[in-house]
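A.B. asks: Dropping a prediction and its sequence here:
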Amino acid sequence: MLGILPYLINALLYAGLAYYFWRTRWAAAPAADASPGVIEQYAVLAPLVLQAALLAGTVFAPDGLRLGVGSVVSAILWLTVLIYWLGNFFYRLDGLQSLVLPVAALASLLPAVLPSPKPLPNTEFTVFKVHLLIAMLAYSLFTIASLHVLLMALLERRLHGGALPLVLRGLPPLLTMETLLFRIIWTGFVLLTLTLASGVVFSEELFGRAAKFDHKTVFSVLSWVIFAALLGGRHVYGWRGRVAVRWTLAGFLMLVLAYIGSKLVLEVILGRG
């Protein structure tokens, strides 16, 4: 029990902030010119710093790098909250923070509930560490993009339906969300490209061939193709709305299947690392 206590405290901090933001940004719609106070702006740092410390202690074990599915999901949500927090200095995203914080609360428990069965091999290579960092950033950005595109679809549907419900008035304007969405997708696409390129370098260094042909490679390349097509369609044909929803979610699904899906099957269902 003592081992899981810090993770429970972390989850409760996230849940408390989620409730606060929901009460102040969703249950009671703020004025259009309302902006978060200094305490509100920096309160998210408390669970972020605690989660970073817990992740570091879990992942960087004495016997090597232990990055199981629980730590991966937790790290992705940690980066997602961090990116939202940084973005809130430039855009009004506090309404969106209240949606991702409950998910982060659950994800922060996963390293304790689903520990890695064994350390990762070949983690001493610098190119592997660079590859891993870039991949995690790409996952986090596409997680945000998927949440964004779903909220945009919901917001657009309710706007066409007439009056906007109170619960949706805490969201940024639709045009702001769309502009931010494609900036996020562009950044994520660049990082995904670098992830694939660094993966090729790592494969060359370790196995002597450009790529290891497996389901992870196939789904990662499929995701890259989908996001490339989405960005191309946006530039040439002005894709938006339902088309952007379908392509964004399809690309994100390929990423989930590429890594998290395989880790979940191996570690949780089959009990292997």
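C.D. replies: Perfect, thanks for sending it. Residues are numbered from 1 along each chain as shown.

A.B. asks: Number of residues surrounding Leu133?
C.D. replies: Close neighbours of Leu133, defined as other Cβ atoms under 10 Å, add up to 15. C-beta here means a position set from N, CA and C on the backbone, and glycine is covered the same way.

A.B. asks: Following element in sequence after the host helix or strand of it, please.
C.D. replies: In this assignment (DSSP states H and E), Leu133 forms part of helix 126-160. Next along the chain after helix 126-160, taking DSSP H and E as the criterion, comes helix 174-207.

A.B. asks: domain parsing for this protein?
C.D. replies: Annotated domains of the chain cover 1-119, 121-273 [automatic domain parsing].

A.B. asks: For the longest one, what is the distance to the chain centroid?
C.D. replies: Between the mean C-alpha point of domain 121-273 and the mean C-alpha point of its chain there is a distance of 9 Å (Cα atoms, centre = their mean, to the nearest Å).

A.B. asks: One more: the shortest one?
C.D. replies: Shown here is domain 1-119, whose average C-alpha point lies 11 Å from the average C-alpha point of the whole chain (Cα atoms, centre = their mean).

A.B. asks: Just send the domains of the chain back as TSV, with mean pLDDT too.
C.D. replies: What follows is the domains of the chain, written out as TSV (pLDDT from 0 to 100):
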stretch	mean pLDDT
domain 1-119	82
domain 121-273	79
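
A.B. asks: For Leu67, what are phi and psi?
C.D. replies: phi -120, psi 80 (degrees, to the nearest 10).

A.B. asks: quick one, what contacts it?
C.D. replies: Leu67 is in contact with 59, 116, 120, 132, counting by Cβ atoms under 8 Å, 6 or more residues apart in numbering.

A.B. asks: ok, of those residues, which come out buried?
C.D. replies: Those of those that meet the buried threshold are 59, 116, 132, by 16 or more other Cβ atoms under 10 Å.

A.B. asks: I'd assumed Leu65 was in contact with the first one.
C.D. replies: Yes - checked against Cβ atoms under 8 Å, the pair Val59 and Leu65 is within contact range at 6.2 Å.

A.B. asks: Can you give me the neighbour number for the nearest residue to Leu174 once chain neighbours are set aside?
C.D. replies: Among residues not flanking Leu174 along the chain, Leu155 sits closest, at 5.6 Å (Cβ to Cβ, 6 or more residues apart in numbering). Neighbour count for Leu155, taken as other Cβ under 10 Å: 19.

A.B. asks: OK, contacts around Gly241?
C.D. replies: Each residue near Gly241 by Cβ under 8 Å, 6+ apart is listed here: 153, 156.

A.B. asks: Show the contacting residues for Thr80.
C.D. replies: So Thr80 contacts 100, 104, 140, 143-144 (Cβ under 8 Å, 6+ apart).

A.B. asks: Make TSV out of those residues and add distance to Glu40 and neighbour count.
C.D. replies: Converted to TSV, these look like this (distance: Cβ to Cβ, whole Å; neighbours: other Cβ atoms under 10 Å):
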residue	distance to Glu40	neighbour count
Val100	16	22
Ala104	17	28
Ser140	22	23
Thr143	23	23
Ile144	20	25
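
A.B. asks: Would you point out the most distant pair within those residues?
C.D. replies: Ala104 and Ile144 (12.0 Å; Cβ to Cβ).

A.B. asks: Now for the nearest residue to Phe89 once chain neighbours are set aside, which secondary structure element holds it?
C.D. replies: In this structure, Phe89 finds its nearest non-sequential neighbour in Gln41, 7.9 Å apart by Cβ to Cβ, 6+ apart. Using DSSP H and E, Gln41 sits within helix 38-43.
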